[in-house]
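A.B. asks: Predicted model follows, preceded by the sequence.
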Amino acid sequence: MSAPSRRRAALVLSLQVVTRGRRLPALAQMRRWTRAVLKHPAQVCFRIVGEREGESLNRRYRGKAHATNVLSFRYGAAQVRLAGDIVMCAPVIAREARAQRKALEAHYAHLTVHGLLHLQGYDHDGPRKTRIMETMEIAILKRLGYANPYAGEG
């Protein structure tokens, strides 16, 4: 008798790169990281942007006058399939990785996981929710072979 097959959730993934960032993640990496987070069918578009677009979106949707590392936008609340956009700002991510002495790939993996958890309704507005979300991020990143992104923070 053969072992039961593990069916993967259907995933439609696209990657838009509209900046000249260096060492940006490839679609195959994004797909691997995304599959590690999602348990249900999903349609996700990642958009890697420059500082100007990152700042514009952060100002428009969060009222903040600066670019941020990652923004998540979910489509509809009651769909059968999870769907949304995740916008990543390459210059901010590169600066953070350098400042935190982290490998750029590991930082992109972390922010991919972080953004996907936001799409699924997780948040970090309060100590309890922050602890839950960070614990999930650490576990997922460990399975992917990356170190705890919060180690050394204090």
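C.D. replies: Structure's in. What do you need? As the structure is a computational prediction, the values presented were derived from the model and not from experiment. Residues are numbered from 1 along each chain as shown.

A.B. asks: for the chain, what's the longest helix?
C.D. replies: In the chain, taking DSSP state H as the definition, the longest helix is helix 127-144.

A.B. asks: Distance from it to the middle of the chain?
C.D. replies: When distances are taken as Cα atoms, centre = their mean, to the nearest Å, helix 127-144 is centred 13 Å away from the chain's centroid.

A.B. asks: Could you find the closest non-adjacent residue to the most centrally placed residue in the chain?
C.D. replies: Nearest to the mean C-alpha position of the chain, by Cα atoms, centre = their mean, lies Thr112 at 2.0 Å. Excluding the flanking residues, the one nearest Thr112 by Cβ to Cβ, 6 or more residues apart in numbering is Trp33, at 4.4 Å. C-beta here means a position set from N, CA and C on the backbone, and glycine is covered the same way.

A.B. asks: Which phi and psi values does the one you found adopt?
C.D. replies: Main-chain dihedrals, Trp33, degrees, to the nearest 10: phi -60, psi -40.

A.B. asks: What's the separation between it and Ala65?
C.D. replies: According to Cβ to Cβ, to the nearest Å, Trp33 and Ala65 sit 30 Å apart.

A.B. asks: thinking again about what came up before, show me the contacts for the residue nearest to Thr112.
C.D. replies: Pro25, Ala109, Thr112, Val113, Leu116, Leu144 (Cβ atoms under 8 Å, 6 or more residues apart in numbering).

A.B. asks: Which stretches in this structure count as helices?
C.D. replies: Using DSSP H, helices in the chain cover 27-37, 51-62, 90-99, 104-119, 127-144.

A.B. asks: For Ala151, find the nearest of those helices.
C.D. replies: Taking Cβ to Cβ, helix 127-144 is the member of those nearest to Ala151, at 8.8 Å.

A.B. asks: any residues touching the closest one, and which ones?
C.D. replies: Helix 127-144 is touched from outside by 32-33, 36-37, 106, 109-110, 113-114, 117, 122-124, 147-150, with contacts defined as Cβ under 8 Å, 6+ apart.
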